[in-house]
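quick one, structure for this:
(one chain, ligands or ions: 1)
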Amino acid sequence: MELDLLWLILAIAAGSYIIVYAFVRRVNEWYHVSKLGEKRHFLPPGDMGWPFLGNMPSFLRAYRSNNPETFIDSIVERYGRTGVYKTHLFGNPSIIVSSPQTCRRVLMDDEKFGLGYGKSMTRLAGKNTFVNIAKSEHRRLRKMMTSLMISHEALVMYIGNTEDVAIASLEEWAAASKDEPIEFFCETSKLSLKFIMRILFGSTSDSIFSSVEKHYIDVHDGVHSTAINLPGFAFHKALKVIDETLRLMNLPFLDFREAKTDANIKGYTIPKGWKVLIWNRAVHMDPENFSAPKEFDPSRWDNNAAEPGSFIPFGGGSRRCLGIDVAKIEVSIFLHYFLLNYK
Ligand code: HEM
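Numbers count the residues shown, from 1 in each chain. Predicted coordinates:
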């Protein structure tokens, strides 16, 4: 008799747990989707996670593990290869785009998609920066910066500066790692900050670096040879290594947009006001775009007829990274000294 009662209590507890779980798990979706009226029938597949938290727990779990791809992989496994999914991340109802075609569509369409970085980023950056200025002003400033940053003279100057910083940092790491291992991710992030400081302030002295680094971390936390590019030439080979590094180890793994108006991608509705997350890492790590994507294999770029939109470490369209050439110089000089002198 007592055993029957115990089983009954256990069954009620399990049943209640399942009902509460199923209910709570749907609240976020009901809340955001019910506001859309008829449009809700045309949303892309996906799920919007827990109330308030959305899908952040599973996102963080994946990105803190050795295998960040599990986040997108599990979405694709559950909802198919549509390349467009609804989700709830970073506090907003959002749409993930994760195929070359859907990413390109969003990057190239300024009429329907504006920048979608969070309020904190927009406020911290200030009203006269690239993220906040009007379209015509952005175009004017971009043109001005392009000639300053990408001129031949500027790039030649960056080479010497970048070399100094890369050599000094590698020596520091080698000395420090004699006592205990260093954290590669953390150190390479500091290194990119040093490269930029050297360009902007002409110095990476310890005192300036530590004060800038502190601000950089605060802001970051707050926002969340001969240049012949033909096969056989060293320059061509180096470019393949750089592209492969950017594909596999790109730090900015997604770009943020926001739908300015209702938009349609592959027959699905992207509701006005929802964020659109251009998940470049999903594109770079998809075996349909790059075979054996986890392997570092520069030779994959030998006969690369990559489809447009399948290699987007620097974004695309009117907001494409202005520092591409500077970044490529940094990566190539770093790799040169790292591979040549260290194990
Ligand atoms: C490996 C290094 C780098 C990567 C992967 C990278 C990636 C990106 C991406 C993805 C965007 C577009 C963001 C969006 O569409 O929302 C961007 C924009 C930008 N990047 Fe970079 N970047 C790198 C290095 C640099 C450097 C070294 C500089 C400057 C010296 C720079 C300057 C800029 C600027 C000014 C923009 C804004 C362009 C605009 O809004 O018109 N980047 N970057």
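
so, low pLDDT: which residues of the chain?
1, 120-126, 199-230, 232-238, 304-305 (pLDDT under 70).

next to the ligand, which bits of it? Give me the list.
For the chain, the residues in contact with the ligand (Cβ under 6 Å from any ligand atom) are 115, 130, 142, 196, 199, 250, 252, 255, 313-315, 319, 321-323, 326-327. The C-beta positions use only the backbone N, C-alpha and C, and glycine is treated the same way.

how about 5 Å then?
130, 252, 255, 313-315, 319, 321-323, 326-327 (Cβ under 5 Å from any ligand atom).

quick check, nearest of those residues to Asp297?
Of all the residues of the chain next to the ligand, Asp297 sits closest to Pro313, with 16.4 Å by Cβ to Cβ.

run a quick neighbour tally on the closest one.
Residue crowding around Pro313 was assessed by other Cβ atoms under 10 Å; the count is 21.

who's in contact with it?
246-247, 250, 252, 280, 284 (Cβ atoms under 8 Å, 6 or more residues apart in numbering).

and if we set it to 6 Å?
Contacts for Pro313 were tallied using Cβ atoms under 6 Å, 6 or more residues apart in numbering; they are 246, 250.

from Asn250, how far out is it?
4 Å (Cβ to Cβ, to the nearest Å).

thinking again about what came up before, can I get the residues of the chain next to the ligand in TSV including secondary structure?
TSV is the format used below for the residues of the chain next to the ligand (DSSP: H, G, I helix; E, B strand; the rest coil):
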residue	secondary structure
Phe130	coil
Pro252	coil
Asp255	strand
Pro313	coil
Phe314	coil
Gly315	coil
Arg319	helix
Cys321	coil
Leu322	coil
Gly323	coil
Val326	helix
Ala327	helix
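
most neighbours among these, which one?
Asp255 (23 neighbours).

what about the strands in the chain?
Secondary structure of the chain by DSSP state E: the strands cover 84-89, 92-97, 113-115, 255-259, 263-265, 268-270, 275-278.

what lines up beside the third one in the sheet?
Taking DSSP bridges as the criterion, strand 113-115 sits next to strand 255-259 (antiparallel) in its sheet.

which residue packs closest to Glu258, ignoring adjacent ones?
For Glu258, ignoring the flanking residues on the chain, the nearest one in space by Cβ to Cβ, 6 or more residues apart in numbering is Gly116 at 3.5 Å.

pretty sure that neighbour is touching Phe256, no?
Yes - Gly116 lies in contact with Phe256 (Cβ atoms under 6 Å); the separation is 3.9 Å.
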